[in-house]
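Engineer: got a predicted structure plus its sequence, pasted below:
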Amino acid sequence: MSKFGELIETNVPVLLDFYAERDSACKMMHPVLRDVAAALGDKARVIKIDVEKNTALAEALRVKGLPTLMIYKEGEMKWRQSGEQDATTLIDLVKEYV
């Protein structure tokens, strides 16, 4: 959990994607997140977190549906939603916190 704190305690927005490899909706989000990361460059970070390898963190954050996306800035959750999103929507959301 201390590593998680280090990830989200930044002054740039962090988009977290909680996913599972075997989930088809999560697999469909991979190229979308790649596009988001490319579009935002160093203005934000995109981090993927495998819920099967990070069960304690997923439980602590009450991640139920997959994929679950969250935006953090300076350690504070700014936005959260479960389900697929398109790249344009995610880019616009993250830009609100740049």
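Structural biologist: That came in fine, so what should we check first? Numbering: from 1, shown residues only.
Engineer: so where's this protein shaky on pLDDT?
Structural biologist: Residues of the chain that meet the criterion pLDDT under 70 lie in 1-2.
Engineer: helices of that one, start to end?
Structural biologist: 2-8, 24-40, 55-60, 87-95 (DSSP state H).
Engineer: can you lay out those as JSON lines showing mean neighbour count?
Structural biologist: Glycine gets a C-beta too; all of them are placed from N, C-alpha and C. Listed next are those as JSON lines, based on neighbours: other Cβ atoms under 10 Å:
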{"stretch": "helix 2-8", "mean neighbour count": "12"}
{"stretch": "helix 24-40", "mean neighbour count": "16"}
{"stretch": "helix 55-60", "mean neighbour count": "13"}
{"stretch": "helix 87-95", "mean neighbour count": "17"}
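Engineer: please produce TSV containing these, extended by distance to residue 17.
Structural biologist: What follows is the helices of the chain, written out as TSV (distance: least, Cβ to Cβ, whole Å):
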stretch	distance to residue 17
helix 2-8	12
helix 24-40	6
helix 55-60	12
helix 87-95	9
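Engineer: between the ones you listed, which one is nearest to residue 16?
Structural biologist: Nearest to residue 16 among those is helix 2-8; the distance by Cβ to Cβ comes to 7.9 Å.
Engineer: then the closest one to PDB, C-alphas only?
Structural biologist: What follows is helix 2-8 as a C-alpha-only set of coordinates in PDB (Å, rounded to 0.1, in the frame of the first residue of the first chain):
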ATOM      1  CA  SER A   2       2.900   2.400   0.600                       C
ATOM      2  CA  LYS A   3       3.900   2.100  -3.000                       C
ATOM      3  CA  PHE A   4       0.300   3.000  -4.000                       C
ATOM      4  CA  GLY A   5       0.700   6.200  -1.900                       C
ATOM      5  CA  GLU A   6       3.800   7.100  -3.800                       C
ATOM      6  CA  LEU A   7       2.000   6.600  -7.100                       C
ATOM      7  CA  ILE A   8      -0.900   8.900  -6.300                       C
END
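Engineer: appreciated, that's everything.
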